[in-house]
Structures are given as C-alpha cells and as structure tokens.
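# Sequence unavailable; structure follows:
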C-alpha cells in the first residue's frame with residue numbers, strides 16, 4: 001500500500017503539490033490523469049523517495065519512505081517517461097540486473113530475477129542484446145523489466161506510452177494487463193486514457209497540484225472535461 005498523507009511540495013517557491021491525500025491499495029490498477037504541469041510526475045517521484053515532501057508524509061506498506069529508502073525502492077518500482085533516462089548499462093541483461101545487484105543479492109538470485117523479469121515482458125533470451133539496438137517499445141519493456149527485477153509490490157509508470165507507435169503501445173499494454181492480473185499494483189500517470197482505461201480499477205485526475213477527481217473509471221471519465229485529458233470516444237458528448 002502507498003499512502004500520501006497531506007503531501008505538499010514546492011519547486012523554487014512555486015507550489016506543485018498542495019495537501020494531497022491518497023491511498024493506493026495493493027493489487028490495484030490506478031490511472032493518474034492530468035495535463036502536463038498538473039503535478040502527476042512530482043507525485044510519483046515521492047513514492048520511492050526521489051523527492052521529499054515539504055510537509056506531510058508518504059508511506060509504503062506502513063513505513064515512512066524517508067525512514068527506509070531501500071525498502072521503499074524495493075517495494076515501488078519506477079519507470080520514467082523516457083526509458084533512456086534510467087538505463088545504466090549497454091545490454092539488456094546488465095541493465096535489468098543493476099537493481100538486484102545493488103541490493104547485495106547473490107549471483108544465483110540476481111540471475112533468477114533477471115530471467116523472470118525478462119520473461120514477464122516477453123523478452124526472454126535477450127540478455128545480450130544492446131539496448132540502443134532495440135525499438136522504442138522494446139526499450140519501454142526493458143525499463144519495466146528493470147523495475148520488476150526488484151520484485152516490487154507496486155509498479156509506478158510515468159507516461160509510459162510517450163513516443164510509441166500503436167504496436168509498441170499495445171505490447172506495453174499487454175504486459176501491464178498481465179502483471180496486474182498476476183497481482184502487481186499499477187500506478188500509471190498519463191494524459192491519454194484511451195485504451196488503458198479499460199484496465200483500471202480507479203481513475204484519479206489532478207489539476208494545479210490537487211486531486212480534482214477520484215473514483216471508478218465509468219463515472220469518472222465523464223467528469224474530466226476541462227482537465228486536458230484524452231478520454232475514449234464513447235465517453236465524449
């Protein structure tokens with residue numbers, strides 16, 4: 001479980017989050033919607049201590065993130081908007097192994113996690129492939145695999161479909177659906193709810209650093225007008 005308790009954050013004295021309180025349950029698939037600048041990315045970066053709130057608190061599985069960063073980052077896997085921003089190695093296998101290696105795990109456990117993570121994103125046997133030779137969709141799946149190798153209870157993704165063509169987008173959607181079905185909690189930030197809304201248990205929309213809408217997809221999709229969010233055509237008037 002991820003809990004935001006009255007979280008506020010400002011960048012250079014400009015408020016970005018204002019008194020945000022949310023709970024993301026284990027196994028829940030949550031879409032965090034909103035326009036660019038609404039606070040989505042900033043909120044996500046509080047989940048595992050990449051940012052610290054100016055006031056309020058973020059807890060993962062009941063423990064404040066600031067008290068145990070290793071536990072938070074093991075429980076909450078992060079996938080950034082641009083996968084290249086998080087790659088640290090030239091090859092697929094080395095990059096996916098990076099997180100488990102930093103946990104100090106033995107080689108056998110690291111290899112097991114790498115194999116399982118790549119299998120989960122349909123990249124089994126691609127350990128030696130160079131990341132710069134992969135398509136955009138494949139790079140996104142490598143980024144997801146790197147997060148999964150930490151065996152998190154939650155996978156947090158920031159605009160994971162940016163720059164992907166339709167086949168690549170569908171490939172990532174299929175992987176997320178499979179992970180959700182297997183019990184991984186998903187928190188996905190996006191300004192485009194087309195296709196992905198059918199997978200969600202809940203939609204949360206932000207505006208100006210605050211929660212504007214929060215509820216099940218079907219009723220909520222009709223309340224997003226004016227928030228610069230793309231919704232499935234069936235919900236448009």
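It's in. Everything numeric here is computed off the predicted structure, so don't read it as measured data.
# need the helices for the protein, in chain order.
Secondary structure of the chain by DSSP state H: the helices cover 40-44, 69-75, 92-102, 107-120, 136-148, 166-181, 217-220.
# which residues touch the first one?
For helix 40-44, the external contacting residues (Cβ atoms under 8 Å, 6 or more residues apart in numbering) are 4, 7, 9, 11, 16-17, 20, 32-34, 51, 78, 81, 156, 158-159, 187, 189, 206, 209. For glycine as for every other residue, the C-beta is placed from the backbone atoms N, C-alpha and C.
# Now the buried members of those.
Buried subset of these (neighbour count, 16 or more other Cβ atoms under 10 Å): 4, 7, 9, 16-17, 20, 32-34, 51, 78, 81, 156, 158-159, 187, 189, 206, 209.
# now for stretch 209-228, what's the gap between its first and last residues?
14 Å (Cα to Cα, to the nearest Å).
# Next: stretch 189-206.
Start-to-end, stretch 189-206 (Cα to Cα) is 10 Å.
# Now it: buried residues?
Buried, per 16+ other Cβ under 10 Å, within stretch 189-206: 189-191, 193, 196-197, 199-200, 202-206.
# what two of these are the furthest from one another?
199 and 206 (19.4 Å; Cβ to Cβ).
# any idea how far the closest residue to residue 190 other than its chain neighbours lies from residue 13?
Leaving out its chain neighbours, the residue that sits closest to residue 190 by Cβ to Cβ, 6 or more residues apart in numbering is residue 159, at 5.8 Å. For residue 159, the distance to residue 13 equals 26 Å [Cβ to Cβ, to the nearest Å].
# next one: residue 96
The gap separating residue 96 from residue 13 is 39 Å, by Cβ to Cβ.
# And these two? Which one has more around it.
The neighbour count for residue 96 versus residue 13, taken as other Cβ atoms under 10 Å, is higher for residue 96 (30 against 5).
# Just the mean pLDDT for stretch 12-31, thanks.
Averaging pLDDT along stretch 12-31 yields 94.
# Could you list the buried residues of that stretch?
Under 16+ other Cβ under 10 Å, the buried positions of stretch 12-31 are 16, 17, 18, 20, 22, 24, 27, 28, 29, 30, 31.
# closest to residue 91 among these?
Out of the buried residues of stretch 12-31, the member with the shortest distance to residue 91 (by Cβ to Cβ) is residue 29, at 30.9 Å.
# just to revisit the earlier point, quick check, the residue nearest to residue 190 in contact with residue 169.
No: contact criterion Cβ atoms under 8 Å: residue 159 and residue 169 do not qualify, at 11.7 Å.
# Next, the buried residues of stretch 213-225.
Of the residues in stretch 213-225, those buried (16+ other Cβ under 10 Å) are 213, 217, 220, 221, 223, 224.
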